[in-house]
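Enquirer: Make a model of this:
(one chain, ligands or ions: 1)
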Amino acid sequence: MNKMLAFPKDFWWGSAWSAEQAEGRGETGKAETNWEHWFKTEPNRFYEGVGPEITTDHIHRYKEDIQLLKETGHNSFRISISWARMFPNGGVGEVNDKAISFYRDVLTELNKNDIKPFVNLFHFDMPYALEEKGGWTSREVVEAYVTFARTCFHEFGDLVYHWFTFNEPLGPILGGYLENFHYPNVVDFKKGAQAAFNTILAHAKAIKAFKELNLTSKIGVILNLSPTYPRSQNKQDLEAASIADAFYVRSFLDPMVKGTFPKKLVDILKNYNQMPSYEEVDLKIIAENTSQILGLNYYEPRRVQARLTKINEQGPFLPEWFFELHDMPGKRMNIYRGWEIYEKGIYDLCIDIRDNYDNIEAFISENGMGVANETRFMNNDNQVNDSYRIDFIKDHLAYVHKAIQEGCRIKGYHLWTFIDCWSWINAYKNRYGLVSLDLKSQERTIKKSGEFYKKMSLANGFE
Ligand code: BGP
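Expert: Numbers count the residues shown, from 1 in each chain. The predicted model follows:
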């Protein structure tokens, strides 16, 4: 018989999604977002031409959905609040009473059902009018975000369990300023560095505003942290991995958790004239307002080697000047999504946080398995028999369990995601949910993994 892996009392079993990916536009009034704008202007970029207009229609179905949360064993759930819905006049100005009522209804319903609401403020969705002002490169946008954050703390503070300022702040920087999968879709490292710095400042300023309200909840950030593994232990590969780690892991983790910037990264940016502009007082605000809790998103590792081919220093500056990705022979792939599966990565990440970040209270805020054409695994009752997802969850959780045994303060596990939802330019290509969605009828059906998730949550562990 397999040994039961029991998790600590009050472990947070849950999942996560975001406003733009799940709500749909609805009738509350909402400013156009960057994603809606991009979809309107370049629909062909989006998988099968599906945009964020309706998505999972949670805005009309939240009561039914919260019952499904119960039926799949959730004791906690992460949503995000749409800035564009809260401030329908381009993200600034008067706050939207209808948006306040909607979110208060959702949060009240979650609490009534004993599901702790985790609320994130920014999950890639910026009011388009603010993108026009320069997006995160603009100080005006930082101040507008702080007003949005303060308004949310004030309006919903009595109903929220824990708060998060940003989900994966690296995403919009990488995608928007380097790798073409996020608006504004340019290649300009220096602008990206400015946007990153301003995001970090916005995080700190929001935390400052939060502390002024003396709420009992905590506030932090959710970061996507792929541990970096060098191809070999030779000096060049180790150095390449350490630089990649500085760009992709420490860049947000250090300032948002410790209040300092990684020296390695700063030295490179100075050498290559890529430093953002800032004022001395910004550094003080960042140092004094750090995360109280940390969300860890983990999907796959980053494998790195020293560059084998020469870079073109005439072209735009890129992190890849200093390393390249290593396609490790024999690595195990999620053949349905194209990402590597390496469950030990989640353990290495937890240990890193324990040892280098003062063992800050943390939880796994996203982890999950995307599968294309998942209907092929449907049985005659229209239920997706996703045994691969159950294995994926168990394999990762076994490593989370081990990390907890070794002293990591990991308080919960949130799967990506609850009901299959819309995913940026990939739209509905890769399905991640515990519950499947029929896009045409909006019918929801619990997958085998949803049944498993409930059993695991009730038992507070699994065999
Ligand atoms: C994370 C994001 C989520 C979600 C997930 C799956 O990085 O926080 O919003 O999109 O990735 O991504 P994809 O659908 O591209 O596989």
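Enquirer: got the end-to-end distance for stretch 456-463?
Expert: With Cα to Cα, to the nearest Å applied, stretch 456-463 spans 9 Å between its terminal residues.
Enquirer: For that stretch, the averaged confidence score.
Expert: Stretch 456-463 comes out with an average pLDDT of 98.
Enquirer: Could you do stretch 77-90 as well?
Expert: In this model, stretch 77-90 has an average pLDDT of 99.
Enquirer: Just the endpoints, please. Distance across it?
Expert: Taking Cα to Cα, stretch 77-90 runs 28 Å from one end to the other.
Enquirer: hmm, that stretch in reach of the ligand?
Expert: No: Stretch 77-90 lies out of reach of the ligand by Cβ under 6 Å from any ligand atom, never closer than 9.2 Å. (Glycine included, C-beta is placed from N, CA and C.)
Enquirer: Name the residues of that stretch that come out as buried.
Expert: Going by neighbour count (16 or more other Cβ atoms under 10 Å), the buried part of stretch 77-90 is 77-88, 90.
Enquirer: One more: stretch 366-376?
Expert: 366-371, 374.
Enquirer: Next: stretch 456-463.
Expert: For stretch 456-463, burial by neighbour count (16+ other Cβ under 10 Å) applies to 456-457, 460-462.
Enquirer: Take these and keep only those in strands.
Expert: Among those, the residues falling in strands (DSSP state E) are 461-462.
Enquirer: could I get the buried residues of stretch 456-463 as CSV with distance to residue 186?
Expert: Formatted as CSV, the buried residues of stretch 456-463 follow (distance: Cβ to Cβ, whole Å):
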residue, distance to residue 186
456, 44
457, 43
460, 47
461, 47
462, 46
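Enquirer: can you list the residues of the stretch 251-400 of the chain near the ligand?
Expert: Residues of the stretch 251-400 of the chain lying near the ligand (Cβ under 6 Å from any ligand atom): 366, 370.
Enquirer: in the stretch 251-400 of the chain, what residue is nearest the ligand?
Expert: Proximity of the stretch 251-400 of the chain to the ligand (Cβ to the nearest ligand atom) peaks at residue 370, 4.2 Å away.
Enquirer: again, but for the chain
Expert: residue 423 (3.1 Å).
Enquirer: Specify the beta-bridge partners of that residue.
Expert: Legend: beta-bridge partners of residue 423 under DSSP bridges are residue 427.
Enquirer: same question, residue 118
Expert: On the basis of DSSP bridges, residue 118 is bridged to residue 78, residue 162.
Enquirer: same question, residue 461
Expert: Beta-bridge pairing for residue 461 (DSSP bridges): residue 6.
Enquirer: who touches it in this structure?
Expert: With contacts defined as Cβ atoms under 8 Å, 6 or more residues apart in numbering, residue 461 is in contact with 4-7, 401.
Enquirer: Tell me, how many residues neighbour residue 234?
Expert: Neighbour count of residue 234, defined by other Cβ atoms under 10 Å: 12.
Enquirer: start at 31 instead
Expert: Renumbered: residue one is now 31, and that last one reads residue 264.
Enquirer: Could you pull up the residues touching the closest residue to it other than its chain neighbours?
Expert: Leaving aside its chain neighbours, residue 264 sits nearest to residue 336 (7.9 Å; criterion: Cβ to Cβ, 6 or more residues apart in numbering). Applying Cβ under 8 Å, 6+ apart to residue 336 gives the contacts 261, 264, 266-267, 269-270, 353-354.
Enquirer: Show me those that map onto helices.
Expert: Taking DSSP state H, the ones among those that sit in helices are 266-267, 269-270.
Enquirer: which one of those is nearest residue 101?
Expert: The closest of the ones in helices among the contacts of residue 336 to residue 101 turns out to be residue 270 (Cβ to Cβ; 47.3 Å).
Enquirer: My understanding was that that closest one contacts residue 262; is that so?
Expert: No: look at residue 270 against residue 262 with Cβ atoms under 8 Å: they stay out of range, at 10.2 Å.
Enquirer: Now the common contact residues for the two.
Expert: Applying Cβ under 8 Å, 6+ apart, one finds that residue 270 and residue 262 are jointly contacted by residue 335.
Enquirer: So for these two, which residue has more residues nearby?
Expert: Applying other Cβ under 10 Å to residue 270 and residue 262 shows that residue 270 carries more neighbours, namely 22 against 12.
Enquirer: And that one, how far from residue 209?
Expert: 19 Å (Cβ to Cβ, to the nearest Å).
Enquirer: same deal with residue 357?
Expert: Distance of residue 357 to residue 209, computed by Cβ to Cβ: 18 Å.
Enquirer: between those two, which one's more packed in?
Expert: Comparing residue 357 with residue 209 by neighbour count (other Cβ under 10 Å), the higher total belongs to residue 209, at 14 against 10.
Enquirer: Show me where the stretch 131-280 of the chain has its strands.
Expert: For the stretch 131-280 of the chain, applying DSSP state E, counting those that start in this stretch gives strands covering 146-152, 192-197, 248-254, 258-260.
Enquirer: The second one to strand 248-254, inter-axis angle?
Expert: Using axes from the mean of the first three to the mean of the last three Cα atoms, to 10 degrees, the interaxial angle of strand 192-197 with respect to strand 248-254 works out to 40 degrees.
Enquirer: chain center to strand 192-197: distance?
Expert: How far strand 192-197 lies from its chain's middle: 9 Å, per Cα atoms, centre = their mean, to the nearest Å.
Enquirer: ok, is that strand in contact with the ligand or not?
Expert: Yes: Strand 192-197 reaches the ligand (Cβ under 6 Å from any ligand atom) through residue 197.
Enquirer: For that strand, name the packing helices and strands.
Expert: Packing partners of strand 192-197 (3 or more Cβ pairs under 8 Å, 6 or more residues apart in numbering; DSSP states H and E): strand 146-152, helix 219-242, strand 248-254, strand 323-327.
Enquirer: What of the shortest one?
Expert: Packed against strand 258-260 by the contact rule (3+ Cβ pairs under 8 Å, 6+ apart) you find helix 265-275, strand 332-335.
Enquirer: circling back: buried ones among the ones in helices among the contacts of residue 336?
Expert: Buried residues within the ones in helices among the contacts of residue 336, counting neighbours by 16+ other Cβ under 10 Å: 267, 269-270.
Enquirer: Pipe those residues into CSV and attach pLDDT and distance to the ligand per row.
Expert: CSV is the format used below for those (pLDDT from 0 to 100; distance: Cβ to the nearest ligand atom, whole Å):
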residue, pLDDT, distance to the ligand
267, 98, 27
269, 98, 28
270, 98, 24
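Enquirer: In TSV, list the residues you listed along with distance to residue 47.
Expert: Formatted as TSV, these follow (distance: Cβ to Cβ, whole Å):
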residue	distance to residue 47
267	37
269	38
270	35
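Enquirer: rewinding a little: check the residue nearest to residue 264 and give its pLDDT.
Expert: Residue 336 carries a pLDDT score of 97 in this model.
Enquirer: Quick check: it vs residue 488, distance?
Expert: Distance, residue 336 to residue 488, by Cβ to Cβ: 49 Å.
Enquirer: shouldn't residue 107 be in contact with residue 144?
Expert: No: Residue 107 lies out of contact with residue 144 (Cβ under 8 Å); the separation is 11.0 Å.
Enquirer: any chance of the helices and strands packed on strand 192-197 in JSON lines, with mean neighbour count and mean pLDDT too?
Expert: JSON lines is the format used below for the helices and strands packed on strand 192-197 (neighbours: other Cβ atoms under 10 Å; pLDDT from 0 to 100):
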{"stretch": "strand 146-152", "mean neighbour count": "25", "mean pLDDT": "99"}
{"stretch": "helix 219-242", "mean neighbour count": "22", "mean pLDDT": "98"}
{"stretch": "strand 248-254", "mean neighbour count": "25", "mean pLDDT": "99"}
{"stretch": "strand 323-327", "mean neighbour count": "24", "mean pLDDT": "99"}
